[in-house]
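# below are the sequence and a predicted model; questions follow.
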Amino acid sequence: MAQSSSAESANRGQQSGHVLSGAMDPALKAKWVEALRSGEYQQCRTNLRHGDSYCCLGVLAEVSDLGSFVEDNHKPGIFSFAYPGEDRTHGVLPDAARLVIGLSYFHHEKCWKMNDSEGRSFAEIADYIEANIPTKDNSLAESSS
């Protein structure tokens, strides 16, 4: 019997040793959601950053201040995310950065798929993040007051 895509994602994460659970700092989650809704970031697909455009995870990398973007010498306009002690990445966050941020493997992959495979807007992804990604204080939706 075929598993659902979310079950497949969770199963792959368990098999590869990825931590599946996570809880974000509420201030960082709110900052990420606000940035996605701000209109300040152009959206791209397949790369964390391409020129002045970002995928949803690239926006998270940018607002987290955990590393920096470095232009690829062999692919002009493509930027990789450099996190201290990790290889640079183009399409997803490095595992170490993801763990420090508190983003589970499941939610990391879900956001990546919403952005790249499903073509969802930043506003739709922000709604998903707000409703589904837990914070360290166990709240899901941040108050907007």
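Received it, and whenever you're ready, just let me know what you need.
# where in this structure is pLDDT low?
1-21, 139-145 (pLDDT under 70).
# next, the residue nearest the centre of the chain: secondary structure please.
Residue closest to the average C-alpha location in the chain (Cα atoms, centre = their mean): L57, at 3.0 Å. Of the three states, L57 takes helix under DSSP: H, G, I helix; E, B strand; the rest coil.
# surely it touches T89?
No: applying Cβ atoms under 8 Å, one finds L57 not in contact with T89, separated by 9.5 Å. Yep, even glycine has a C-beta here, placed from its N, CA and C like the rest.
# chain center to stretch 35-42: distance?
Offset of stretch 35-42 from its chain centre (Cα atoms, centre = their mean, to the nearest Å): 14 Å.
# what does stretch 58-78 give?
13 Å.
# so for that stretch, what gets flagged as buried?
The neighbour-count check on stretch 58-78 (16 or more other Cβ atoms under 10 Å) flags 58-64, 66-67, 69, 78 as buried.
# can you give me the end-to-end distance of that stretch?
In stretch 58-78, first residue to last residue: 12 Å (Cα to Cα, to the nearest Å).
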